[in-house]
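Trainee: pasting the structure only:
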């Protein structure tokens, strides 16, 4: 066997070309290969060196990490189980025979290796020459990653619109020796993939619609919008459309009568408010789907009273919202809700207000708006994030006239509501027995919150939850923990808030955008040419395509990824170079249609 110290130095030189920090950390371990601590080096029957981990057993009972017959063939057999996976995460490095086999696949685009213990990793680098593997730009080693590192890294590296599937491959003998550490890493990977899956699902279903909407709304924004003269406020009331709103409207009307709050309506709750003669100071809409029209325009022949938005009320619209909505008010206020194209337009053409809508629902966005306007206290009405007693929405919202005109003798109104309710898996929950039980281990001690508890007790009973609604609620609860403003639920189902908002947090400010230096049409024409100039994909997989682009080209590509997800969903056979070219062609054609 070759000199381990020489092998170690050569591997460190190769690693230092790509990851200088890790190379310096490993050099600092100064492994003594004459007295190894974590591994023994053995020789397989085919002559390849293999590491055997000692763990708690001692050197005499060290456990080989690879086959004692032919570790290379073992690695090839493992890799042969892969199909369309091109993003691979290895738990445990060992002798890297399995990693080496994976990097020989032309489909493999990225590899992340998670390893625990710097001193043990340093010993492994004295086993055999891994220069080619350590110098491969597709591979990254995470040694003793801090908590949250994997959960942060994977969404930045894994782009499902361009990549194939992702696969986690544990090196079993290595993982079993440090089960707790690798189980924590696996949990972070699952959390990251859950987040990616949720975002990608939205992009795959609505990416093309959002792209077209943003283009048309950009042209509308070029005509001037209503950001100017937006007030600074101290107290806001957010009106969502949950069933508890029916019981909360009288209290909201009383508060409005005293002129205490700035009322922000979600689009879904608007018809219920207007039916109760309550006019909000602002309305927020983030949905890109055409169903959003139903919140502003009653269905034909529904018999519903006319409840269109008063023209003077500002309507805050995500740039991805349906373009027609901006014509329903004299004061449309477009904002960037996080779509990469909206962010790009805001940074390169004219700045739009940035409103955090990452919670995935309009109530979350409305809270973000109230925070950006300076509210120190934010009341929440109708924010149930559940179906109390099987009810889905407050009276007066769009769903009632929508179903009323569709009912018939064989499908009555009750059946339509039932089908709507049971369209997703439900979990039935019972309410806590007492107010104190419901709020145990939580901080609910503001005067306003205590006043609202009696209202909650009067309307709460059993309720249904869905996975999506729980995710929405948890996102808003987490936001409340980060905010400088105080969230005050007026009623509804149990909701965890922080009655001691974090001090010293400066909320985001609404901006009054300057007049852009060029027209919206000129900007979109320039954007079209930048898309056209993106270079072709040269490798079999498109997953490593961004790495070969310049900074400006990567930004342009990022604006197209939600669209690519939608095109790939419609045509699953599109992979590699084909998905990039199809996305470029579609986007250029869409811009041409908008510009005429």
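Mentor: Yes, it's here. Keep in mind that what you see is a predicted model, and the values were worked out from it rather than measured.

Trainee: quick one: contacts for residue 326?
Mentor: Residues in contact with residue 326, defined by C-beta atoms under 8 Å, 6 or more residues apart in numbering, are 217, 220, 225, 315, 317, 332, 334. To be clear about C-beta, it is placed using only N, CA and C from the backbone, and glycine gets the same treatment.

Trainee: residue 195 now?
Mentor: So residue 195 contacts 151, 155 (C-beta under 8 Å, 6+ apart).

Trainee: begin at 41 from now on, thanks
Mentor: Will do, 41 is the new start, and the previous item becomes residue 235.

Trainee: before we move on, the earlier item: mind checking which of the contacts of residue 366 land in strands?
Mentor: 355, 357, 372, 374 (DSSP state E).

Trainee: narrow the contacts of residue 366 to those that are buried.
Mentor: For the contacts of residue 366, a burial check counting by 16 or more other C-beta atoms under 10 Å picks out 257, 260, 265, 355, 357, 372, 374.

Trainee: and residue 64, how far is that from residue 172?
Mentor: Residue 64 sits 21 Å away from residue 172, going by C-beta to C-beta, to the nearest Å.

Trainee: just residue 567 next, same as before
Mentor: Separation of residue 567 from residue 172 (C-beta to C-beta) stands at 41 Å.

Trainee: give me the more crowded residue out of those two.
Mentor: When neighbours are counted by other C-beta atoms under 10 Å, residue 567 and residue 172 differ, and residue 567 comes out ahead with 22 against 10.

Trainee: what helix or strand does the more buried one sit in?
Mentor: helix 560-572 (DSSP states H and E).

Trainee: what does residue 509 give?
Mentor: Taking DSSP H and E as the definition, one finds residue 509 inside helix 507-522.

Trainee: which elements pack onto the helix or strand following that helix?
Mentor: Later in the chain than helix 507-522, the nearest helix or strand by DSSP H and E is strand 526-529. Helices and strands touching strand 526-529, by 3 or more C-beta pairs under 8 Å, 6 or more residues apart in numbering; DSSP states H and E, are strand 417-421, helix 487-499.

Trainee: confidence-wise, which of those is weakest overall?
Mentor: With a mean of 43, helix 487-499 has the lowest mean pLDDT of these.

Trainee: state the mean pLDDT of the helix or strand following that one.
Mentor: Remark: after helix 487-499, the chain's next helix or strand is strand 503-505, criterion DSSP H and E. Strand 503-505 comes out with an average pLDDT of 91.

Trainee: I'd guessed residue 168 sits against residue 134; true?
Mentor: No: if you go by C-beta atoms under 8 Å, residue 168 and residue 134 don't touch, sitting 11.0 Å apart.

Trainee: before we move on, back to that, will you turn the ones in strands among the contacts of residue 366 into TSV that also has distance to residue 122 and pLDDT?
Mentor: Converted to TSV, those look like this (distance: C-beta to C-beta, whole Å; pLDDT from 0 to 100):
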residue	distance to residue 122	pLDDT
355	50	92
357	44	95
372	49	90
374	44	93
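
Trainee: need these in JSON lines with distance to residue 295, can you?
Mentor: Supplementary listing: those in JSON lines, determined by distance: C-beta to C-beta, whole Å:
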{"residue": "355", "distance to residue 295": "23"}
{"residue": "357", "distance to residue 295": "26"}
{"residue": "372", "distance to residue 295": "27"}
{"residue": "374", "distance to residue 295": "29"}
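
Trainee: out of these, which is nearest to residue 193?
Mentor: Of all those, residue 193 sits closest to residue 374, with 32.7 Å by C-beta to C-beta.

Trainee: can you give me the distance of that closest one to residue 143?
Mentor: Using C-beta to C-beta, residue 374 is found at 46 Å from residue 143.

Trainee: nearest spatial neighbour of residue 617, chain-adjacent residues omitted?
Mentor: Nearest-residue entry for residue 617: residue 577, 3.7 Å, with adjacent residues in sequence omitted and distances by C-beta to C-beta, 6 or more residues apart in numbering.

Trainee: would you mind giving both backbone torsions of that neighbour?
Mentor: With angles defined as degrees, to the nearest 10, residue 577 shows backbone torsions of phi -80, psi 130.

Trainee: surely it meets residue 622?
Mentor: No: counting by C-beta under 8 Å, residue 577 stays clear of residue 622, with 11.3 Å between them.

Trainee: which neighbours does the strand or helix carrying residue 151 have in its sheet, and in what orientation?
Mentor: Element membership for residue 151 (DSSP H and E) is strand 150-155. The pairing partners recorded for strand 150-155 under DSSP bridges are strand 125-131 (parallel), strand 179-183 (parallel).

Trainee: closest one to residue 248 among those strands?
Mentor: Across the strands paired with strand 150-155, residue 248 has its closest neighbour in strand 125-131 (24.0 Å, C-beta to C-beta).

Trainee: and the average pLDDT for the closest one is what?
Mentor: For strand 125-131, the per-residue pLDDT averages 93.

Trainee: go on, stretch 400-415?
Mentor: pLDDT averaged over stretch 400-415 gives 93.

Trainee: one more: stretch 303-322?
Mentor: For stretch 303-322, mean pLDDT rounds to 92.

Trainee: and it, what's buried?
Mentor: 303-316, 318, 320-322.

Trainee: cool, stretch 155-173 as well?
Mentor: Here stretch 155-173 shows 155-158, 160-168, 170, 173 as buried, counting by 16+ other C-beta under 10 Å.

Trainee: just checking, residue 351 is part of a helix?
Mentor: No: according to DSSP: H, G, I helix; E, B strand; the rest coil, residue 351 belongs to no helix; its state is coil.

Trainee: and it, how many residues sit next to it?
Mentor: Neighbours of residue 351 (other C-beta under 10 Å): 10.

Trainee: not counting sequence-adjacent ones, nearest residue to it?
Mentor: residue 370 (4.6 Å).
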